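Trainee: Next one to model:
(chains A and B)
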Amino acid sequence: AQSVTQPDIHITVSEGASLELRCNYSYGATPYLFWYVQSPGQGLQLLLKYFSGDTLVQGIKGFEAEFKRSQSSFNLRKPSVHWSDAAEYFCAVGEPSGTGRRALTFGSGTRLQVQP
Amino acid sequence: KAGVTQTPRYLIKTRGQQVTLSCSPISGHRSVSWYQQTPGQGLQFLFEYFSETQRNKGNFPGRFSGRQFSNSRSEMNVSTLELGDSALYLCASSFSYEQYFGPGTRLTVT
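Mentor: Residues are numbered from 1 along each chain as shown, chains lettered A, B, ... in the order given. Here you go, the predicted model:
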């Protein structure tokens, strides 16, 4: 069974500082990879996705993520954090094409706090 | 395009009752998935429907069921509610492989 690990439960950064949120996955092949963000009381918003090709993917709100097959990682980065980025971030994996299944397996999330 | 909508947004039910939640996907999306989010278990996949057929199911008891209509709208039903069913229930729709989530229905079981 596939699994996703987000080792950092809570991260605090200063506004304007850089950010990296870690994500490691366990899966037999290269899965589809996603990062979502959730503000309090809201649903999940898709930040970016990786299916194949270029291992550095760009997303919305200035976020990017790098897929590293050798490390089974898909870390999320942002060069300069804004106060509005405070939220909970979820890494997720989905089964690759051919299975027809859309079920996502989520990590436990990383709560980001931004200090002024 | 309008996003995924879920109704109602909030619900309070009593143990033993049943509840039905509704989800309207993004126009043109034929796949609808449901997830349960709790502080203890996190985000867990319930089931997925595509063209009115359940295509995949998570590890939840049979009290949790769903269906999809010909217009792709979906409902999920929970019978004989338990306190542990209190959660945020999220619906997601997809055309390809990325899923777009609605705002969720907050269910509280007392």
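Trainee: Just want the most central residue of chain B.
Mentor: In chain B, the centroid-proximal residue (CA atoms, centre = their mean) is B:Trp34; its distance is 3.7 Å.
Trainee: and that residue, what does it touch?
Mentor: Shown in contact with B:Trp34 (CB atoms under 8 Å, 6 or more residues apart in numbering or on different chains): B:23, B:45-48, B:66, B:74, B:76, B:89-92. The way it works is simple: take the backbone N, C-alpha and C, and place the C-beta from them, glycine included.
Trainee: Which ones among those lie within strands?
Mentor: B:23, B:45-48, B:66, B:74, B:76, B:89-92 (DSSP state E).
Trainee: Near chain B, which residues of chain A? Just list them.
Mentor: A:32, A:34, A:36, A:42-46, A:49, A:51, A:90, A:92, A:94, A:97, A:100-109 (CB under 8 Å from any CB of the partner chain).
Trainee: Mind checking which of the residues you listed are in strands?
Mentor: A:32, A:34, A:36, A:44-46, A:49, A:90, A:92, A:94, A:104-106.
Trainee: Please produce a PyMOL select command covering the buried subset of those.
Mentor: A single PyMOL command selects the buried members of those (16 or more other CB atoms under 10 Å in any protein chain shown):
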select buried, chain A and resi 32+34+36+44+45+46+49+90+92+94+104+105+106
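Trainee: For the ones in strands among the residues of chain A next to chain B, work out which two are farthest apart.
Mentor: A:Gln45 and A:Thr105 (18.4 Å; CB to CB).
Trainee: measure the residue most central in space within chain A to chain B for me?
Mentor: By CA atoms, centre = their mean, chain A has its centre lying nearest to A:Trp35, at 3.2 Å. Going from A:Trp35 to chain B by CB to the nearest CB, to the nearest Å gives 11 Å.
Trainee: Out of the contacts of B:Trp34, which are close to chain A?
Mentor: Counting by CB under 8 Å from any CB, B:45, B:48, B:90, B:92 from the contacts of B:Trp34 sit close to chain A.
Trainee: Could you export those to JSON lines, including columns for distance to B:Gly28, neighbour count and pLDDT?
Mentor: Shown next, in JSON lines, are the ones next to chain A among the contacts of B:Trp34 (distance: CB to CB, whole Å; neighbours: other CB atoms under 10 Å in any protein chain shown; pLDDT from 0 to 100):
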{"residue": "B:Phe45", "distance to B:Gly28": "23", "neighbour count": "21", "pLDDT": "96"}
{"residue": "B:Glu48", "distance to B:Gly28": "17", "neighbour count": "27", "pLDDT": "95"}
{"residue": "B:Leu90", "distance to B:Gly28": "20", "neighbour count": "24", "pLDDT": "98"}
{"residue": "B:Ala92", "distance to B:Gly28": "15", "neighbour count": "27", "pLDDT": "97"}
